[in-house]
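Asks: below are the sequence and a predicted model for it; my questions follow.
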Amino acid sequence: MNDSRLLIEGQQWKLWLAGALLAIAGVGFLMPDGIGRLLDIPAVAVELGATALCGVSLAWTAFAVRCGHCGLRIVIYAISHQSIGQWLHWLMVVKRCPKCGADHVGRLP
């Protein structure tokens, strides 16, 4: 078996999707007036929509990226156990689950 695979192998698309949704929300935060005029809705509705999109995206990602063996929510673990500047790096390089020791396919150590 290949031990160089990441714990989140096969789940990176969830992080990319969350990043894309956060970027879209960011556009809503930066240009609420222009988007509001384009869609013929108040700017505050655009800002509320962007806020909701951020919340849903972050919550979904936090609960969707899990260890395949024990179900540990890896994003929540990374944010709560790593420093503010290191949690994302740790998430992208970790190879074994810190709770059960399994790798990305759920093998026990």
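Replies: Perfect, thanks for sending it. Note that this is a predicted model, so its numbers are computed, not measured.
Asks: what residues sit buried inside stretch 88-106?
Replies: Using 16 or more other CB atoms under 10 Å as the test for burial, stretch 88-106 gives W90, L91, V94, R96, C97, A102, D103, H104. From N, CA and C alone the C-beta is placed, and that goes for glycine too.
Asks: tell me which of the residues you listed is nearest to P42?
Replies: Closest approach between these and P42, by CB to CB: L91, at 37.2 Å.
Asks: separation between that closest one and I41?
Replies: 36 Å (CB to CB, to the nearest Å).
Asks: and what of I8?
Replies: Using CB to CB, we find I8 at a distance of 37 Å from I41.
Asks: more crowded one of these two?
Replies: Shown here are I8 and I41; by other CB atoms under 10 Å, I8 has more neighbours (23 against 13).
Asks: ok but the more buried one is inside a helix, no?
Replies: No - counting by DSSP: H, G, I helix; E, B strand; the rest coil, I8 is located in no helix; its state is coil.
Asks: you'd agree it is up against L91?
Replies: Yes - I8 is within contact range of L91, at 6.8 Å (criterion: CB atoms under 8 Å).
Asks: who touches both of these two?
Replies: Here I8 and L91 share the contacting residues L15, I74, scored by CB atoms under 8 Å, 6 or more residues apart in numbering.
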